[in-house]
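> Quick one: sequence and predicted model below, then my questions.
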Amino acid sequence: MTQSKKELVFAAMDNKPVDRVPSGFWFHFLQDEIHSDSFQHPELFEQLYAGETRYIDTVQPDFVKIMTDGFFPYENPTAFGLETVEDFKHIVPLKDDDPWFTVQIGYAKKLSERYGKDIPLFYNLFCAGTTLKFMRKDIFAADAWLSKLVLEDPAAVKQGLDVISGDIAKLAKRLITEGGVTGIYLSLQNLLGEGINEAIYQQVLAPGEKAILAAANSVSDYNILHICGWSGHRNDLTWYKDYEVKTINWAAVVEGVPLEEGRKIFGGRAALGGFGNLDNEVLYIGTKEEIQAETKRILEKAGRTGIILGADCTGIPIGNISLGCGKQPNNQLKRGV
């Protein structure tokens with residue numbers, strides 16, 4: 001009997017045999033996915049939902065990474081305008097009925113009621129460090145800003161990050177138990193700044209990130225860790241080798257670490273990815289035959305067990321499926337191999 005999409009994806013995440021290798025790709029649906037604020041502009045939520053559903057209905061992927069354009073900010077007044085280490089000491093958790101929780105849970109529930117019976121849904125969340133970097137006006141200077149504060153007073157920064165991580169962990173759990181999603185897709189990356197090393201990262205940032213995964217793992221066996229290579233950000237993947245999560249997605253092309261090599265770092269756990277996500281990559285400029293050839297090359301190296309085909313990160317926004325602000329992906333991405 002042919003495996004359903006859920007059975008297919010779960011088997012891949014469990015390192016079990018599959019009828020075919022599942023696949024999934026994702027795209028942004030707002031013009032400014034980072035600084036858009038759906039809490040302040042509800043019309044953006046409707047735009048996001050329309051783009052997400054149009055994409056799912058058109059492409060019919062094996063699984064969905066639920067995009068959260070417009071929900072990137074941490075809508076907590078005590079975390080606005082952070083500049084100094086003292087500011088981190090005054091961050092307090094949100095109340096359970098805060099819209100930051102309820103609106104996102106409502107969005108997840110709306111999608112899970114429509115698609116959850118048929119395909120796995122993984123809700124995109126960012127770790128506390130990335131969330132704060134996205135809230136900076138100059139995102140490309142954010143690593144240097146946060147690194148400076150971490151080195152100045154690691155305990156103070158950790159205190160604030162732990163509060164934010166606590167709310168993200170609470171949201172993660174509620175998205176699964178109340179929103180009905182399969183699990184979360186947690187995005188993080190190395191903090192790049194002068195003086196930052198693995199020991200400091202493990203001391204200040206890792207505890208909160210692991211707490212988020214622990215919360216999600218307590219209510220779902222199926223969660224994904226994304227080690228983000230956005231805009232060429234390079235990561236030391238070994239920093240995350242002991243993070244408890246079933247499947248890992250890293251920027252195989254950007255990092256120069258193909259699936260078969262990365263899986264060795266993570267103890268043979270399932271991997272998601274393989275393709276580059278930039279507009280000069282084969283997914284965007286390749287012919288059907290070239291994409292098929294690249295797919296075969298990836299699978300010949302990585303094998304067909306414990307593999308979900310995807311990309312390094314979010315793809316370029318696509319034609320009539322999103323906002324008309326980018327390229328249409330090849331239709332060959334609709335099915336696994």
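Good, I have the coordinates. Given the structure is predicted, the values throughout are model-derived calculations rather than measurements. Residues are numbered from 1 along each chain as shown.

> May I have the secondary structure class of L186?
The local conformation at L186, judged by DSSP: H, G, I helix; E, B strand; the rest coil, is strand.

> so it bridges to which residues?
For L186, the beta-bridge partners are L125, L225 (DSSP bridges).

> residue boundaries of the strands in the chain?
Per DSSP state E, the chain carries strands over the ranges 64-66, 121-126, 183-188, 224-227, 247-250, 270-275, 307-311.

> from the middle of its chain, how far away would the longest helix along the chain be?
The single longest helix within the chain, with elements called by DSSP state H, is helix 154-177. In terms of CA atoms, centre = their mean, to the nearest Å, the centre of helix 154-177 is set 16 Å apart from its chain centre.

> Could you do stretch 166-185 as well?
Averaged C-alpha coordinates place stretch 166-185 at 13 Å from its chain's average position (CA atoms, centre = their mean).

> Next, the buried residues of the helix or strand of the chain with the lowest mean pLDDT.
Lowest by mean pLDDT, DSSP states H and E among the helices and strands of the chain is helix 282-285, with a mean of 83. Buried residues in helix 282-285, counted by 16 or more other CB atoms under 10 Å: 283-284. Using the backbone N, CA and C atoms, a C-beta is placed for each residue, glycine as well.

> One more: stretch 140-151?
Of the residues in stretch 140-151, 142-143, 145-147, 149-151 count as buried by neighbour count, 16+ other CB under 10 Å.

> Equivalent analysis for stretch 163-182, please.
For stretch 163-182, a neighbour-count test (16+ other CB under 10 Å) marks 163-176, 179-182 as buried.

> With stretch 193-201 instead?
Using 16+ other CB under 10 Å as the burial criterion, the residues of stretch 193-201 that qualify are 193, 196, 200-201.

> just the residues you listed now: which is nearest M1?
For those, the closest approach to M1 (CB to CB) belongs to Y201, at 46.0 Å.

> Surely the closest one touches W239?
Yes - counting by CB atoms under 8 Å, Y201 touches W239, with 6.1 Å between them.

> shared neighbours of the two, anything?
Taking CB atoms under 8 Å, 6 or more residues apart in numbering as the contact rule, Y201 and W239 both touch N190.

> burial count for the closest residue to G70 other than its chain neighbours?
In space, and not counting its chain neighbours, G70 is closest to S38: 3.2 Å by CB to CB, 6 or more residues apart in numbering. By the criterion of other CB atoms under 10 Å, S38 has 24 neighbours.

> Spit out the contact partners of S38.
By CB under 8 Å, 6+ apart, the residues touching S38 are 44-45, 48, 69-71, 103.

> run the last query once more with 10 Å
Residues in contact with S38 (CB atoms under 10 Å, 6 or more residues apart in numbering) are 30, 44-49, 68-73, 75, 103-104, 107.

> go on, F63?
By CB under 10 Å, 6+ apart, the contact set of F63 is 5-6, 8-10, 12-13, 22-24, 26, 119-122, 182, 185, 222, 224, 272, 308, 310.

> Show me which of these are buried.
If you count burial by 16+ other CB under 10 Å, the buried members of those come out as 5-6, 8-10, 12-13, 22-24, 26, 119-122, 182, 185, 222, 224, 272, 308, 310.
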